[in-house]
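Chemist: the sequence and its predicted three-dimensional model are supplied below.
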Amino acid sequence: MTDRHCGECGASGPVRFDNTDFVVEHSGLKKSVAGLSGWRCAECGEIEFDADSARRYAAAGDELVLQAREAERAEIRRIRRKLGLSQAMAARLTGGGHNAFSRYERGEAVPMAAVVNLFKLLDRHPELLKELIPS
């Protein structure tokens, strides 16, 4: 019998699991992490990993975040070029500093979601660019 309690719902007696595979997901990307151990709450399903398992699970998640950022950088660059915008023009369009897009495309800064969403919209509807940039 254990005196452990679930950190999420407070139920007593989370169930031990060992050598279990989990899938980490982020922005549509997935990565399997094998052989994790810890406790699972029978009431709410909350997972608490052992220290080593938590480190490995977090490292896999971090890897996915970096992959997603790289894909986002490439997508913003592709769309900006498709629209025929310089980095400075794109920065003015989104209200960023004069070198914002240079920093986004080099991975030195992460664009706000509004910037990414605007460029995804313009990718699908490039004709809307003329509404945003006066002739």
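Modeler: Everything's here; your move. Predicted, not measured: the structure shown is a model, and the values here were computed from it.

Chemist: could you list the low-pLDDT ranges of the protein?
Modeler: 1-2, 135 (pLDDT under 70).

Chemist: try it again at 90.
Modeler: 1-8, 10-13, 96-98, 107, 133-135 (pLDDT under 90).

Chemist: ranges for the helices of it?
Modeler: Under the criterion DSSP state H, helices of the chain are mapped to 51-82, 87-94, 100-106, 113-124, 129-132.

Chemist: got the ones you listed as CSV, with distance to S27 columns?
Modeler: (Each C-beta comes from the backbone N, C-alpha and C, glycine too.) Output for the helices of the chain, formatted as CSV (distance: least, CB to CB, whole Å):
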stretch, distance to S27
helix 51-82, 4
helix 87-94, 20
helix 100-106, 16
helix 113-124, 11
helix 129-132, 26
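
Chemist: mean neighbour count and distance to D3 for the ones you listed - can I get that in TSV?
Modeler: Output for the helices of the chain, formatted as TSV (neighbours: other CB atoms under 10 Å; distance: least, CB to CB, whole Å):
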stretch	mean neighbour count	distance to D3
helix 51-82	15	19
helix 87-94	18	54
helix 100-106	19	50
helix 113-124	15	43
helix 129-132	10	61
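
Chemist: closest to G7 out of those?
Modeler: Closest to G7 of these, according to CB to CB: helix 51-82, at 12.7 Å.

Chemist: specify the angle between the closest one and helix 87-94 in degrees.
Modeler: Orientation check (axes from the mean of the first three to the mean of the last three CA atoms, to 10 degrees): helix 51-82 against helix 87-94 gives 100 degrees.

Chemist: for helix 51-82, packing partners?
Modeler: Helices and strands touching helix 51-82, by 3 or more CB pairs under 8 Å, 6 or more residues apart in numbering; DSSP states H and E, are strand 15-26, strand 29-40, helix 100-106, helix 113-124.

Chemist: all set now, cheers.
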